[in-house]
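*Asks:* return atomic coordinates for the entry below.
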Amino acid sequence: MLLLDLLAVPPDRCSVFDPSFSELEVAALGELGLRLLPENEEGKHRGPGGPTLFYMVHCGKALYNNLLWRNWSPAGPAPTWSSSATALRGIEERVPSRILERDYSYVAKVLKGEVALPAHPRYTTPLTTPLHWFPPHKLERLSAEVWEFLEEPTYQECEDLEIIRKGDEGNGRSPTAAQS
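*Replies:* Sure thing, here's the model as predicted:
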């Protein structure tokens, strides 16, 4: 709510979702005027166009990849991106390149046009939330092949899928990562 205030964004322009929200949390978020997405999109949410901030804290690799896929265009996947310690460069460092290319191809591709904004020197704890920016001039330099492949991610060979799949919300599984 503080971030919305700071950016002068009305709460009803902010969409939120987590498959593990309790009924109490859903009610509280509604009372705050936030727009709750009606179903688990597995991160495949299309931004409204124009400046958009996707605030994704402690999310799995597939959520980032799915969001990038849904918003994939040379005009820019997501103008600004905020994530946690599982930030895009962290994924690149932890995941072998062959698996990154096979299972998380949109993350792999966007890293070529991404700029990680430096963290504030005063706030350098492990919980620092980095901002990632996709400047149009860098995205325009990417080859046409990067933009032509638009296949929806399926994760058939992925052994460590860190999301709650659509339809799995109420089966008692505890999420390994929150979805935002």
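*Asks:* find the nearest non-adjacent residue to Arg35, please.
*Replies:* Of all residues not flanking Arg35 in the chain, Ser15 sits nearest, at 4.7 Å (C-beta to C-beta, 6 or more residues apart in numbering). C-beta: built from backbone N, CA, C; applies to glycine.
*Asks:* could I get the pLDDT score of the one you found?
*Replies:* Ser15 is assigned 90 on the pLDDT scale.
*Asks:* contacting residues around it?
*Replies:* 34-37, 45 (C-beta atoms under 8 Å, 6 or more residues apart in numbering).
*Asks:* where's it relative to Val146, distance?
*Replies:* Here the criterion is C-beta to C-beta, to the nearest Å. By it, Ser15 lies 28 Å from Val146.
*Asks:* same check, this time on Phe134
*Replies:* Relative to Val146, Phe134 is positioned 12 Å away (C-beta to C-beta).
*Asks:* and for Lys166?
*Replies:* From Lys166 over to Val146 the distance is 28 Å, taken as C-beta to C-beta.
*Asks:* those two: which has the busier surroundings?
*Replies:* Val146 (18 against 12; other C-beta atoms under 10 Å).
*Asks:* in a strand, that's where that one is, yeah?
*Replies:* No - Val146: not assigned to a strand; according to DSSP: H, G, I helix; E, B strand; the rest coil it is helix.
*Asks:* can you list the low-confidence ranges for the chain?
*Replies:* 74-87, 113-133, 169-180 (pLDDT under 70).
*Asks:* in it, which spans are strands?
*Replies:* Along the chain, the segments classed as strands by DSSP state E run 15-16, 35-36, 53-56, 80-83, 115-117, 131-133.
*Asks:* and for Phe21, the neighbour number?
*Replies:* Burial measure for Phe21: 17 neighbouring residues, criterion other C-beta under 10 Å.
*Asks:* so what's it up against?
*Replies:* Neighbours of Phe21 in contact, by C-beta under 8 Å, 6+ apart: 29, 36.
*Asks:* can you tell me how far it is from Leu88?
*Replies:* According to C-beta to C-beta, Phe21 stands 25 Å off from Leu88.
*Asks:* and what of Cys59?
*Replies:* Taking C-beta to C-beta, one finds Cys59 at 11 Å from Leu88.
*Asks:* what do you get for Pro48?
*Replies:* From Pro48 to Leu88 the distance is 22 Å (C-beta to C-beta).
*Asks:* more neighbours: these two, which one.
*Replies:* Ranked by neighbour count (other C-beta under 10 Å), Pro48 and Leu88 place Leu88 first, with 22 against 9.
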